[in-house]
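Asks: The following comprises the amino acid sequence and a computationally predicted model.
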Amino acid sequence: MSKSKLNRVAKSWIAYDMGNSAFATTVLGAFFPLFFSSYWAGGMDEITITKNYTAGLTIINVIILIMMPIIGAITDVRSLTKTFFILFTCISSLTVGSFYFIDYGQWILALSLYGIALFCFAASLVLYDKILLFVSSNEDVTKISGYGYAFGYLGGGILFVINSFMVLNPSFFGLPSGSEGVVLATKWSFVSVTVWWLIFSMPIFIFYRQLPFETEGSFSDALRQIFSTFRHISENKNIALFLLAFFFYIDAVHTIMQLAAMFGDGIGIDQSSIIYALILVQFVAFPATLFWSYFGSRYGDKNVIYLTIFVYLFALFFSSTLNNATDFFILAFFVGSIQGGIQASSRSLFAKIIPEDKAGELFGFYNTFGRAGSVLGPLLINIFLSYSNDLKVALIPLAIIFLIGLVLLYFVKER
């Protein structure tokens with residue numbers, strides 16, 4: 001496959017991020033946690049809702065932790081990268097659309113379907129990240145990875161603005177006014193994610209070709225290859241150190257992404273302000289991610305990760321003093337300015353230090369350590385909430401997780 005800069009396949013790869021980011025923005029970051037609190041788990045107090053939600057996330061992400069390397073390995077021994085990529089994308093996007101049919105109080109059903117959508121989202125990203133190696137050269141990988149995240153924030157942000165306007169002004173779209181209209185608008189927002197995601201997936205479904213180096217093998221071959229890759233990781237100190245560092249700091253990043261809306265709602269910020277703040281995150285993130293992509297190409301991906309972790313630590317400290325909507329907007333600006341940078345530079349740094357012939361498995365391990373889920377963050381927050389019943393205090397472990405990741409990253413050698 002040609003690796004020329006921004007060829008048709010590379011552009012298709014970037015376009016896919018514009019589609020799947022609708023899940024990350026409308027569903028994961030905003031409307032699912034807000035709707036879960038106010039509608040599907042209606043009648044519960046905020047602390048109980050947060051405990052149930054974080055417990056569900058922990059279970060979902062443990063399953064992701066186990067399964068992602070297996071999915072990556074299977075696609076390395078069988079010519080199934082594109083087939084599985086399409087399959088998981090379709091299942092996840094269609095499951096999101098099914099949220100339309102979940103009624104008031106059905107929080108267990110909502111969380112179960114969300115688990116299926118999140119699992120398939122994670123699986124599609126294992127393969128999507130693997131494909132990055134074959135649509136870019138080593139010199140281009142930082143730039144193309146950055147473009148993917150940047151245009152992902154733009155695409156996801158555009159749909160999120162439309163959906164937010166519909167939720168805040170349902171009568172403008174011909175829906176009833178009042179709470180009934182808000183419920184219907186939110187449900188239609190989930191349907192819009194399905195449509196948007198599938199439309200922007202079409203180019204890569206059409207133009208990406210199956211990789212010629214993949215060999216045919218059995219499921220047992222895939223399992224043996226996982227153990228072989230695990231040994232390879234344990235013997236390759238640089239890859240092992242990166243994955244361990246990544247496991248900690250990206251876990252904290254994704255915990256913030258998944259719980260930001262619920263945190264704001266829990267401390268009394270009105271939902272319209274939360275929605276506007278999340279819109280701000282998307283449109284700050286677009287130019288900021290392009291900046292970090294340039295910075296990473298010039299000064300190295302590790303330096304991007306260092307700087308963004310320090311900003312995250314400041315944001316966590318600031319969140320402990322947060323009292324009103326204005327403070328929440330300031331916090332959203334800080335998060336938006338760094339979120340895409342740490343994600344894109346982590347992906348490109350990892351792509352530079354791994355061998356191509358084990359890309360599927362290794363990106364399976366990469367995703368295992370937090371690309372589309374988090375385990376430690378929700379678990380620790382759940383434990384802290386059990387003792388303190390204070391959402392602000394419950395954020396303390398995230399700072400510790402960031403610091404552990406920062407220290408481990410120092411020992412990783414960047415090519």
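Replies: Alright, I've got the coordinates. Numbering: from 1, shown residues only.
Asks: avg pLDDT for the host helix or strand of Ser346?
Replies: Using DSSP states H and E, Ser346 falls within helix 325-353. What helix 325-353 shows for mean pLDDT is 88.
Asks: For it, enumerate the helices and strands it packs against.
Replies: helix 107-132, helix 141-168, helix 237-266, helix 271-299, helix 301-319, helix 359-366 (3 or more C-beta pairs under 8 Å, 6 or more residues apart in numbering; DSSP states H and E). The C-beta positions use only the backbone N, C-alpha and C, and glycine is treated the same way.
Asks: Would you mind listing the buried residues in it?
Replies: Buried residues in helix 325-353, defined by neighbour count with 16 or more other C-beta atoms under 10 Å: 325, 327-328, 330-332, 334-351, 353.
Asks: re earlier: just the helices and strands packed on helix 325-353: most buried one?
Replies: helix 359-366 (a mean of 28; mean count of other C-beta atoms under 10 Å).
Asks: which is the next helix or strand following that helix?
Replies: For helix 359-366, the following helix or strand on the C-terminal side (DSSP H and E) is helix 376-388.
Asks: Summarise which helices and strands that following helix is packed against.
Replies: helix 46-77, helix 237-266, helix 396-409.
Asks: helices or strands up against the first one?
Replies: What it means is helix 46-77. Helices and strands touching helix 46-77, as assessed by 3+ C-beta pairs under 8 Å, 6+ apart, comprise helix 81-98, helix 107-132, helix 219-235, helix 237-266, helix 359-366, helix 376-388.
Asks: Any chance of those in JSON lines with mean pLDDT and distance to Ile400 as columns?
Replies: Formatted as JSON lines, these follow (pLDDT from 0 to 100; distance: least, C-beta to C-beta, whole Å):
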{"stretch": "helix 81-98", "mean pLDDT": "95", "distance to Ile400": "32"}
{"stretch": "helix 107-132", "mean pLDDT": "91", "distance to Ile400": "25"}
{"stretch": "helix 219-235", "mean pLDDT": "72", "distance to Ile400": "25"}
{"stretch": "helix 237-266", "mean pLDDT": "86", "distance to Ile400": "9"}
{"stretch": "helix 359-366", "mean pLDDT": "68", "distance to Ile400": "22"}
{"stretch": "helix 376-388", "mean pLDDT": "81", "distance to Ile400": "8"}
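Asks: So for Ala302, what's the nearest residue that isn't a sequence neighbour?
Replies: If you look again at residue 302, you'll see it is Lys, not Ala. Distances taken as C-beta to C-beta, 6 or more residues apart in numbering put Glu414 closest to Lys302, at 5.0 Å, once the chain neighbours are dropped.
Asks: same thing with Ala24?
Replies: Gly156 (5.9 Å).
Asks: distance of that neighbour from Ser201?
Replies: Distance, Gly156 to Ser201, by C-beta to C-beta, to the nearest Å: 14 Å.
Asks: again, but for Phe36
Replies: Distance, Phe36 to Ser201, using C-beta to C-beta: 26 Å.
Asks: Likewise for Phe84?
Replies: 14 Å.
Asks: Compare the helices and strands packed on helix 46-77 and give me the one nearest Ile14.
Replies: Closest to Ile14 of the helices and strands packed on helix 46-77, according to C-beta to C-beta: helix 107-132, at 10.1 Å.
Asks: so what secondary structure elements neighbour the closest one?
Replies: Against helix 107-132 (3+ C-beta pairs under 8 Å, 6+ apart) you get helix 8-22, helix 46-77, helix 81-98, helix 141-168, helix 325-353, helix 359-366.
Asks: What about Arg386, how many residues nearby?
Replies: Quick fix: residue 386 is Ser, not Arg. Counted with other C-beta atoms under 10 Å, the neighbours of Ser386 add up to 11.
Asks: so who does it touch?
Replies: Contact criterion C-beta atoms under 8 Å, 6 or more residues apart in numbering gives Lys51 as the residues in contact with Ser386.
Asks: what does Tyr312 give?
Replies: 252-253, 256, 335, 338, 342, 402.
Asks: can you count the residues close to the closest residue to Tyr114 other than its chain neighbours?
Replies: Distances taken as C-beta to C-beta, 6+ apart put Phe32 closest to Tyr114, at 6.1 Å, once the chain neighbours are dropped. Using other C-beta under 10 Å, Phe32 is surrounded by 27 other residues.
Asks: Ser337 versus the residue nearest to Leu243 when sequence neighbours are not counted, what's the distance?
Replies: In space, and not counting its chain neighbours, Leu243 is closest to Phe369: 5.5 Å by C-beta to C-beta, 6+ apart. For Phe369, the distance to Ser337 (C-beta to C-beta) stands at 24 Å.
Asks: so which of the helices and strands packed on helix 46-77 gets nearest Phe310?
Replies: Evaluated over those, closeness to Phe310 peaks at helix 237-266, with 11.2 Å, by C-beta to C-beta.
Asks: angle of that closest one against helix 107-132?
Replies: 140 degrees (axes from the mean of the first three to the mean of the last three C-alpha atoms, to 10 degrees).
Asks: relative to helix 301-319, how tilted is helix 237-266?
Replies: 30 degrees.
Asks: Check the offset of helix 237-266 from the chain's centre.
Replies: Distance, stretch centre to chain centre, for helix 237-266: 10 Å (C-alpha atoms, centre = their mean, to the nearest Å).
Asks: For Ile199, which non-adjacent residue is closest in space?
Replies: Gly19 (6.6 Å).
Asks: Burial check on that neighbour, number of neighbours?
Replies: Counted with other C-beta under 10 Å, residues neighbouring Gly19 total 25.
Asks: Ok, Gly97 next?
Replies: 18.
Asks: give the contact list for it.
Replies: By C-beta under 8 Å, 6+ apart, the neighbours of Gly97 are 190-191, 193-194.
Asks: Next: Gly181.
Replies: Here Gly181 is in contact with 170-171, 175 (criterion: C-beta under 8 Å, 6+ apart).
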